[in-house]
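Student: Take this sequence and fold it.
(chains A and B)
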There are 2 protein chains.
Amino acid sequence: MQFSSALLENAVNEFAKLPGIGKKTALRLVLHLLKQDAEMVKGFGDIISKMRQEIKFCQRCFNVADADICSICANSMRKQDTVCVVENIRDVIAIESTQQFSGTYHVLGGIISPLDGIGPDQLNIDTLAGRVQKEHIQEVIFALNPNIQGDTTIYYIQKKLQPFHIKITTISRGIAFGGELEYADEMTLARSITNRMPVESYMSNG
Amino acid sequence: MQFSSALLENAVNEFAKLPGIGKKTALRLVLHLLKQDAEMVKGFGDIISKMRQEIKFCQRCFNVADADICSICANSMRKQDTVCVVENIRDVIAIESTQQFSGTYHVLGGIISPLDGIGPDQLNIDTLAGRVQKEHIQEVIFALNPNIQGDTTIYYIQKKLQPFHIKITTISRGIAFGGELEYADEMTLARSITNRMPVESYMSNG
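Tutor: Take a look at the predicted model:
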């Protein structure tokens, strides 16, 4: 692509760095912004920069937060003794959108996957065990993608939590094996939280 | 979608304002930026704001420019007596990418379309006539999308330029009728510039 303006070219190149955005899409987005009010475009840039600079990760559950503790952990209306274990922030957003869960979360920051070189030490697993011990957690619910890595992670963490004799459940298999949690429709995801099942029976059915 | 961070939510909403970007795509882009270096994300925001604030439109051809005159108009290697008339900036970029045209451009800023309420007065047509008169233009080449609006625009401008007795051509109909210029492959577009034809024969074939 040939540009007669370096300003335009730089802006297109910045957008084209984003995942799933090619040069033509980038150009379409930039030409859209070019038609907008200058203040509005400045606002766009500022909000994105501010987000990256000021966002924090909750010191308790590792969810994204505007303060040291995220708004879910800080909300006294939520059941602080129930923890839903998820792979990443997207899964928190997906589950929150079902409005079926009133406990807290624990974001692992990934999933045990030896093929990708990701072991338990790189995930927020020790801090989960720490929370279970210190915070008198009554129930840990696994909401991980239903695939081999998810099952491995559940198995590993379950073993680790066994000494604490708490209730350990997993969301029901309403979601097809091999599917991706974040793309499930809200109804399926909502039901799979409501119909959660003990991990022992899940493992024996698997 | 439920967010536990206002910073994240604002950033997602900003991206979702862009055309063709839904909430899920916006979230994917924002989470990508969240993983990047803070300086890099600030650079992204700054480059976009700077583009909108500093970009100009060429006073001669209405192409995007970094100065009062765009780099194509300012380039003395290009044939200043040949003007290619296009609908918008995207078409300039598409034709420049073929590397088959060495003249200058004139960006109309739209196309005559009575149904959309766009008449000749809203387009840069008078300035084109002014250029033909003052700059001793030898040839005007129409590179407009081959559809009813494009043909109407060609017909109108052609009538307006008749008193100047210059060569008036249009890119050949290599592009299927009803197609969009910006999505044509470079080979087709390049040939249609090389094989341009007099407007009279084009109109009688149409």
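Student: Skip ahead from the helix or strand harbouring residue A:188 and say which helix or strand is next.
Tutor: Per DSSP states H and E: residue A:188 is located in helix A:186-194. Note on helix A:186-194: by DSSP H and E, the next helix or strand toward the C-terminus is strand A:197-198.
Student: Just the buried residues of the top helix by length along chain A, please?
Tutor: Longest helix of chain A, by residue count under DSSP state H: helix A:38-54. Using 16 or more other CB atoms under 10 Å in any protein chain shown as the test for burial, helix A:38-54 gives A:41-52. C-beta here means a position set from N, CA and C on the backbone, and glycine is covered the same way.
Student: ok and that helix relative to helix B:38-54, angle-wise?
Tutor: Note on geometry: by axes from the mean of the first three to the mean of the last three CA atoms, to 10 degrees, helix A:38-54 and helix B:38-54 are set 170 degrees apart in direction.
Student: thinking again about what came up before, Throw the buried residues of helix A:38-54 into JSON lines and include pLDDT, thanks.
Tutor: Shown next, in JSON lines, are the buried residues of helix A:38-54 (pLDDT from 0 to 100):
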{"residue": "A:41", "pLDDT": "94"}
{"residue": "A:42", "pLDDT": "93"}
{"residue": "A:43", "pLDDT": "93"}
{"residue": "A:44", "pLDDT": "93"}
{"residue": "A:45", "pLDDT": "93"}
{"residue": "A:46", "pLDDT": "94"}
{"residue": "A:47", "pLDDT": "94"}
{"residue": "A:48", "pLDDT": "93"}
{"residue": "A:49", "pLDDT": "93"}
{"residue": "A:50", "pLDDT": "93"}
{"residue": "A:51", "pLDDT": "93"}
{"residue": "A:52", "pLDDT": "93"}
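Student: among the residues you listed, which are within reach of chain B?
Tutor: A:41-52 (CB under 8 Å from any CB of the partner chain).
Student: Pick out whichever of these sits closest to residue B:98.
Tutor: Within those, proximity to residue B:98 (CB to CB) peaks at residue A:41, which comes in at 30.3 Å.
Student: Kindly report the domain assignment for chain A.
Tutor: A:6-54, A:71-205 (automatic domain parsing).
Student: Chain A: helices as residue ranges?
Tutor: Under DSSP H, chain A gives helices at A:6-16, A:23-35, A:38-54, A:89-98, A:126-134, A:148-161, A:186-194, A:199-205.
Student: Okay, now the unreliable bits of chain A?
Tutor: A:173-179, A:202, A:204-206 (pLDDT under 70).
Student: The domains of chain A: which one's closest to residue B:57?
Tutor: Of all the domains of chain A, domain A:6-54 comes closest under CB to CB, at 9.7 Å.
Student: What about residue A:134, how many residues nearby?
Tutor: 8 (other CB atoms under 10 Å in any protein chain shown).
Student: about what we covered before: which of the ones next to chain B among the buried residues of helix A:38-54 lies closest to residue B:140?
Tutor: Once CB to CB is applied, the member of these that ends up nearest residue B:140 is residue A:41, at 34.2 Å.
Student: How about the contacts made by that closest one?
Tutor: A:33, B:48-49, B:51-53 (CB atoms under 8 Å, 6 or more residues apart in numbering or on different chains).
Student: Tell me the strands beside the lengthiest strand in chain A, with direction?
Tutor: In chain A, taking DSSP state E as the definition, the longest strand is strand A:79-86. When pairs are called by DSSP bridges, strand A:79-86 turns out to pair with strand A:103-107 (parallel), strand A:139-142 (parallel).
Student: for the ones you listed, which one ends up most surrounded?
Tutor: strand A:103-107 (a mean of 24; mean count of other CB atoms under 10 Å in any protein chain shown).
Student: Can you give the contact residues for that one?
Tutor: Contacts for strand A:103-107 (CB under 8 Å, 6+ apart): A:60-63, A:72-73, A:78-89, A:91-92, A:95, A:124, A:127-128, A:131, A:139-141.
Student: Quick check, residue A:172 in contact with residue A:192.
Tutor: Yes: counting by CB atoms under 8 Å, residue A:172 touches residue A:192, with 4.6 Å between them.
Student: what about the two, which has more around it?
Tutor: Higher neighbour count among residue A:172 and residue A:192: residue A:192, with 23 against 16, using other CB under 10 Å.
Student: contacting residues around residue A:187?
Tutor: Residue A:187 neighbours (CB under 8 Å, 6+ apart): none.
Student: hang on, I meant residue A:10
Tutor: B:47, B:51.
Student: what about it, distance to residue A:168?
Tutor: To residue A:168, residue A:10 is 52 Å away according to CB to CB, to the nearest Å.
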